[in-house]
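A.B. asks: 3D, please:
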Amino acid sequence: MSPNSPPQQSEQAEIVEKVEKMYLPRTSESENLKKIRHTTSHVMAMAVQKLFPKAQVTIGPWIENGFYYDFDSPEPFTDKDLKAIYKEMVKIINRKLPVIREEVSREEAEKRIQAIKEPYKLEILGDIKTEPITIYHLGDQWWDLCAGPHVENTGDLNPKAIALESLAGAYWRGDENKAQLQRIYGTAWESPEQLAEYQRRKEEAQRRDHRKLGKELGLFIFSDLVGPGLPLWTPKGTLLRSILQDFLQQEQIKRGYLPVVTPHLGRVDLFKTSGHWQKYKEDLFPMMAESEEAKEQEQGFVLKAMNCPFHIQIYKSELRSYRELPLRYAEFGTVYRYEQSGELGGLTRVRGFTQDDAHLFVTPEQLDDEFLKVVDLILSVIKSLKLDSNFKARLSFRDPNSDKYLGDDEAWNKAENAIRRAVETLGMDHFEGIGEAAFYGPKLDFIVKDALEREWQLGTVQVDYNLPERFDLEYVAEDGTRQRPIMIHRAPFGSLERLIGILIEEYAGDFPLWLAPVQAKLLPVSDQFLDYAKDVVAKMQAVGIRAEVDTSGDRLGKLIRNAEKEKIPVMAIVGAKEVETNTLSIRTRASGELGSIAVAEVVEKMKSAIASFDNF
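C.D. replies: Residues are numbered from 1 along each chain as shown. Have a look, this model is predicted:
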């Protein structure tokens, strides 16, 4: 290729349509969407029962991007059936049937359900504790138990803003021992333009799917023999993990963190003291007991689901002085949680994951300053990952009406006020999430939006007065008295697995130079230039650049295609001219073809770009 050729756009820019950003609200954010999606789900159920008279309806709630309905039908639904169901829905919408709310007694509701012989509705009726019972009718054609809300008329729905998306299996009540049902997923919007943008993002999400890209890029695999939710990291994926881990460890060392290592399991009593056993017993892997008697007495070991009780034991191993505080213990600790198989999803929801966990033990006087320093670290991480253009902070506080939280009101108020002071001091864009707190303390969560406007929680920092109380932690104050320290829990990444899944999708697998497992690949046009290419790679590796040579012997066109497919940031073509002039013909994914550049200059430019988290 000619050095004077115009720079090529990155693959990402070529594929992703340039469309004006459109805000797509979630159902929970829009009362109008709730009405549209709730009504559309009823229209769909009515259409199904008209086409499949033996089908029985169960539940049909709205979800954040649409709705679904579960059916018990002797006939299995097909994709072809979805088209027929949609056509029937259009007919119902065009009939402009009024949506009528009716209040009836429990006895009357039971009588009507028995008349149409729908046992699932009887079970649902039994779960409704309030009276009167509300029923919604579509004209005089169809009805279901429902609390609403709904539009006034089916004609208020726009069929061009509705789509039936997929079929799935589901168990009644989520219990695999109960009837297997058929679930139909759909989506509905206020306008056809919103639907088109939603479908564009969905298609783009499929292209960026980290499970697909992770396999194509050779980063991780899953094995049925190992088990679901337990990823296996390949050499390239392990290198990616190490890059992220080394990056954060270096930042932590600069900020006075002390590394610790703790075991993968511990006694149940440890988690009883922390309260995790009582609150989350069902989310832990089953206890390992030495005998039936020990099992009955709940005496045994469990795989750890969190690192904080272990770090507390290190703190408590000797009496601390105020002069030692703050103490900052950091660990990339692997934890295990028994997620239900239906909730697992690639790397973003797994059963074994590594947290970039740290626990700070501070005096009351140190709390505000240390909290701000932790926030500064998290903001630095988000900026380095290029995720800082669109994020907000959530103040995750307790729900005062819930009994799931430990500790007294005074401790909670102190902790929540500390978080409020921090965001106000920093002037951060924030909102309160009532009921989002951990059971032992409030949190400041960092919510980022990715390239598809999806929200993800990354970093989190928590203030905790309760675990120091439960574990009876102390330090000797300046006046010689024994005082209780305050704990700060923090994790800038959250978990390596989840972060990598998010980053794969954010970058569409096209990692920035500093993060790419292979930063440069040399492409010799024939075997006679292999030695020169290997010598250049050795120079690059000597200064920390991750480089390799393509030794396949393929033609140049295929060498370039393979490097593009692997999304290598810097490709260097090596031929007779390059050997003669001690240069490399450089082509990058960020800027296209850059022409011939001296080897020493390439090495220095790459070093500089990597150090500044920039592209070549």
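A.B. asks: May I ask which helix or strand of this structure has the lowest mean pLDDT?
C.D. replies: helix 11-15 (a mean of 40; mean pLDDT, DSSP states H and E).
A.B. asks: who touches stretch 195-214?
C.D. replies: 15-17, 19, 22, 24, 65, 160-163, 187-189, 219-220, 237, 346-348, 451-454, 500-502, 504-506, 508-509 (Cβ atoms under 8 Å, 6 or more residues apart in numbering). C-betas here are computed from N, CA, C, even on glycine.
A.B. asks: Select only the buried ones of those in PyMOL?
C.D. replies: In PyMOL, this line selects whichever of the contacts of stretch 195-214 come out buried by 16 or more other Cβ atoms under 10 Å:
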select buried, resi 16+24+65+161+162+163+187+188+189+219+220+237+346+347+348+451+500+501+502+504+505+506+508+509
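A.B. asks: Just give me the neighbour total for Tyr171.
C.D. replies: 14 (other Cβ atoms under 10 Å).
A.B. asks: what does His210 give?
C.D. replies: Neighbours around His210, by other Cβ under 10 Å: 23.
A.B. asks: what does Phe310 give?
C.D. replies: Neighbours of Phe310 (other Cβ under 10 Å): 21.
A.B. asks: which stretches of the stretch 351-500 of the chain form strands?
C.D. replies: For the stretch 351-500 of the chain, the strands defined by DSSP state E, counting those that start in this stretch cover 352-362, 391-397, 430-434, 443-449, 455-464, 475-476, 482-483, 486-491.
A.B. asks: Need these in a markdown table (columns: mean neighbour count, distance to Phe613 and mean pLDDT).
C.D. replies: A markdown table is the format used below for the strands of the stretch 351-500 of the chain (neighbours: other Cβ atoms under 10 Å; distance: least, Cβ to Cβ, whole Å; pLDDT from 0 to 100):
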| stretch | mean neighbour count | distance to Phe613 | mean pLDDT |
| --- | --- | --- | --- |
| strand 352-362 | 23 | 18 | 95 |
| strand 391-397 | 20 | 17 | 84 |
| strand 430-434 | 14 | 26 | 83 |
| strand 443-449 | 21 | 17 | 85 |
| strand 455-464 | 22 | 17 | 86 |
| strand 475-476 | 18 | 38 | 97 |
| strand 482-483 | 13 | 41 | 96 |
| strand 486-491 | 24 | 21 | 94 |
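A.B. asks: To Trp142, which of these lies closest?
C.D. replies: Closest to Trp142 of those is strand 455-464 (Cβ to Cβ; 35.9 Å).
A.B. asks: I'd like the distance between the residue nearest to the spatial centre of the chain and Ile504.
C.D. replies: Centroid check for the chain by Cα atoms, centre = their mean gives Thr348 as the closest residue, at 4.7 Å. For Thr348, the distance to Ile504 (Cβ to Cβ, to the nearest Å) stands at 10 Å.
A.B. asks: so of the contacts of stretch 195-214, which ones are in strands?
C.D. replies: Of these, the ones assigned to strands by DSSP state E are 162-163, 187-188, 220.
A.B. asks: any idea which of those residues is closest to Ile545?
C.D. replies: Distance to Ile545 across the ones in strands among the contacts of stretch 195-214 (Cβ to Cβ) is lowest for Phe220, with 23.8 Å.
A.B. asks: That closest one: what's it in contact with?
C.D. replies: 214, 231-234, 237, 347.
A.B. asks: want to try TSV for those, with secondary structure, distance to Ala289 and pLDDT as columns?
C.D. replies: Below are the contacts of Phe220 laid out as TSV (DSSP: H, G, I helix; E, B strand; the rest coil; distance: Cβ to Cβ, whole Å; pLDDT from 0 to 100):
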residue	secondary structure	distance to Ala289	pLDDT
Gly214	helix	37	94
Pro231	coil	29	95
Leu232	strand	29	96
Trp233	strand	32	97
Thr234	coil	36	95
Gly237	helix	35	96
Leu347	coil	32	92
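A.B. asks: Return a PyMOL selection command for the buried portion of those residues.
C.D. replies: If you want just the buried ones from those in PyMOL, going by 16+ other Cβ under 10 Å, the selection is:
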select buried, resi 214+231+233+234+237+347
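A.B. asks: now, the most widely separated pair of the contacts of Phe220?
C.D. replies: Most distant of those, by Cβ to Cβ, are Thr234 and Leu347, 13.2 Å apart.
A.B. asks: Next, Glu108: secondary structure please.
C.D. replies: helix (DSSP: H, G, I helix; E, B strand; the rest coil).
A.B. asks: so who does it touch?
C.D. replies: Ile133.
A.B. asks: same thing with Met487?
C.D. replies: 308, 312, 359-362, 441, 463-465, 467-468, 473.
A.B. asks: Name the nearest residue to Val226, ignoring sequence neighbours.
C.D. replies: Leu232 (6.4 Å; Cβ to Cβ, 6 or more residues apart in numbering).
A.B. asks: For that neighbour, give the beta-bridge partners.
C.D. replies: Counting by DSSP bridges, Leu232 is bridged to Ile221.
A.B. asks: hmm, back to that, could you export the contacts of Phe220 to CSV, including columns for distance to Asn94?
C.D. replies: Formatted as CSV, the contacts of Phe220 follow (distance: Cβ to Cβ, whole Å):
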residue, distance to Asn94
Gly214, 45
Pro231, 49
Leu232, 53
Trp233, 54
Thr234, 54
Gly237, 52
Leu347, 45
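A.B. asks: Relative to Tyr136, which of the contacts of Phe220 is nearest.
C.D. replies: Nearest member of the contacts of Phe220 to Tyr136, counting by Cβ to Cβ, is Leu347, at 40.8 Å.
A.B. asks: how far away is the residue nearest to the closest one when sequence neighbours are not counted from Ser166?
C.D. replies: Closest residue to Leu347 apart from its sequence neighbours, by Cβ to Cβ, 6+ apart: Gly501 at 3.4 Å. Per Cβ to Cβ, Gly501 is found 21 Å from Ser166.
A.B. asks: got it, and Glu110?
C.D. replies: Separation of Glu110 from Ser166 (Cβ to Cβ): 34 Å.
A.B. asks: neighbour-wise, which of those two wins?
C.D. replies: Glu110 (16 against 11).
A.B. asks: Can you give me the neighbour number for the closest residue to the more buried one other than its chain neighbours?
C.D. replies: Leaving aside its sequence neighbours, Glu110 sits nearest to Leu125 (Cβ to Cβ, 6+ apart; 6.2 Å). Around Leu125 there are 15 other residues, counting by other Cβ under 10 Å.
A.B. asks: Check which helices and strands the strand or helix carrying Leu125 sits against.
C.D. replies: Per DSSP states H and E: Leu125 is located in helix 119-127. Under the contact definition 3 or more Cβ pairs under 8 Å, 6 or more residues apart in numbering; DSSP states H and E, helix 119-127 sits against strand 56-57, helix 106-116, strand 142-145.
A.B. asks: Just the buried residues of it, please?
C.D. replies: 120-121, 124.
A.B. asks: Tell me where the stretch 201-350 of the chain has helices.
C.D. replies: Assigned by DSSP state H, counting those that start in this stretch, the helices in the stretch 201-350 of the chain fall at 210-216, 235-254, 268-274, 276-280, 292-296, 308-316.
A.B. asks: Cheers, nothing more for now.
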